[in-house]
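Novice: structure of the sequence below:
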Amino acid sequence: MLKKMLKWFAVFFVAVAAVFAALLFVPKDNGKAYRIKIAKNQGISSVSRTLAEDGVVYNRHVLVAAAYLIGAHNKLNAGSYRLPSSISAWGILQKIRNGRPDAVTVQIVEGSRFATMRKIIDNTPDIEHKTRGWSDAELMQAIAPDALSSNPEGQFFPDSYEIDAGSSDLQIYQTAYQTMQRRLNDAWEDRQSGLPYKNPYEMLIMASLIEKETAHEDDRAHVASVFVNRLNIGMRLQTDPTVIYGMGSAYKGKIRKADLQRDTPYNTYTRSGLTPTPIALPSKAALEAAAHPSNEKYLYFVSKMDGTGLSQFSHNLEEHNAAVRKYILKNKPN
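Specialist: Next up, the predicted model:
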């Protein structure tokens, strides 16, 4: 009798083990990919419950038992994971124990506007769009109620940002804001003496003007010198990007003479001094140029129109008019 019982027990054990193995190792086809987000310190029990409720695994208890057997029940990597449409419970366990959480990269281009940054983030898949629909004021209040300005333009550093999939978009804004404040403060502390900026925010504005006027490394410091020299003598900056920014949606790719004459808070042809806010998200190079303009006494510059992106700089109006004749008028169609 004992032998018979042992035999049946062995058969039962093998059957249970086979079922357990099948439930653990046989992939379950769910028809589509699935994303699961694991919070910090979250255990296998709650994770398995979510997976079972969504029909991703055959049996949550098998997943929990396997996790305890290999000591992985409290060693899950927090983050967001994309699971393929067909995956076994064992495959899921290995992924959330040993795998790297999925990451989402957001690229913000130097010189873009904050409105463009918001559009890019709003359209980025696989993240939580917590701020979508918020006004700029609401966003700034959530990030930095004591910011240099309640206007977000220019206050976020353009760069490539990586966050875990499923994370809040607010994390990107916070990181970009903190990065800009750090880089701006570093540039402000390291600035050369005698610059016409009352505070770091004015230097941020200047950096945005430099950013929009040139992307050429050899020209940034000279463009900065033109603007600084003009501010020092009370001469208007007269820079086209400020006019374009002030035009808003009315800008269709071309500036007319009437646009230069139409007054807006950002038109540096009609108003003296710096614009009320930055007009773009400036790069580190533009911040450094604003803090360290060249020592040249340039007051004018004009594009060389030769495909290099370089400009010709002039000390006075006579030199400038000659440069216009050489580089602009000769390239105008008859």
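Novice: how many other residues sit next to Glu296?
Specialist: Glu296: 13 surrounding residues under other CB atoms under 10 Å. Every C-beta, even on glycine, is put in place using the N, C-alpha and C of the backbone.
Novice: residues in contact with it?
Specialist: When contacts are counted by CB atoms under 8 Å, 6 or more residues apart in numbering, Glu296 touches 222, 225, 313, 315.
Novice: which of those lies closest to Tyr201?
Specialist: For the contacts of Glu296, the residue nearest Tyr201 by CB to CB is Ser225; the value is 20.7 Å.
Novice: please report how far that closest one lies from Ala286.
Specialist: 14 Å (CB to CB, to the nearest Å).
Novice: that older thread, got CSV for the contacts of Glu296, with secondary structure and pLDDT too?
Specialist: Output for the contacts of Glu296, formatted as CSV (DSSP: H, G, I helix; E, B strand; the rest coil; pLDDT from 0 to 100):
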residue, secondary structure, pLDDT
His222, helix, 97
Ser225, helix, 97
Phe313, strand, 93
His315, coil, 96
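Novice: can you add distance to Ile255 and neighbour count and give these back as CSV?
Specialist: Converted to CSV, the contacts of Glu296 look like this (distance: CB to CB, whole Å; neighbours: other CB atoms under 10 Å):
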residue, distance to Ile255, neighbour count
His222, 23, 21
Ser225, 24, 21
Phe313, 22, 21
His315, 26, 13
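Novice: of these, closest to Gly194?
Specialist: Closest approach to Gly194 among the contacts of Glu296 (CB to CB): Ser225, at 12.1 Å.
Novice: test my guess that that closest one contacts Tyr298.
Specialist: Yes: look at Ser225 against Tyr298 with CB atoms under 8 Å: they come within range, at 5.2 Å.
Novice: show me where the stretch 201-334 of the chain has its strands.
Specialist: Along the stretch 201-334 of the chain, the segments classed as strands by DSSP state E, counting those that start in this stretch run 300-303, 311-314.
Novice: most tightly surrounded among these?
Specialist: Ranked by mean neighbour count, these are led by strand 311-314 with a mean of 21 (mean count of other CB atoms under 10 Å).
Novice: paired strands for that strand, with orientation please.
Specialist: In the sheet, strand 311-314 lines up against strand 300-303 (antiparallel) (DSSP bridges).
Novice: contacts for the strand it pairs with?
Specialist: Outside strand 300-303, the residues that touch it by CB under 8 Å, 6+ apart are 219, 222-223, 226, 309-317, 319-320, 323-324, 327-328.
Novice: again, 6 Å this time
Specialist: For strand 300-303, contacts defined as CB atoms under 6 Å, 6 or more residues apart in numbering pick out 226, 311-314, 320, 323-324, 327.
Novice: same check on stretch 224-241?
Specialist: Contacts for stretch 224-241 (CB under 6 Å, 6+ apart): 196, 209-210, 212, 255, 268-269, 272, 289-290, 293-294, 296-299, 301.
Novice: great, nothing more from me.
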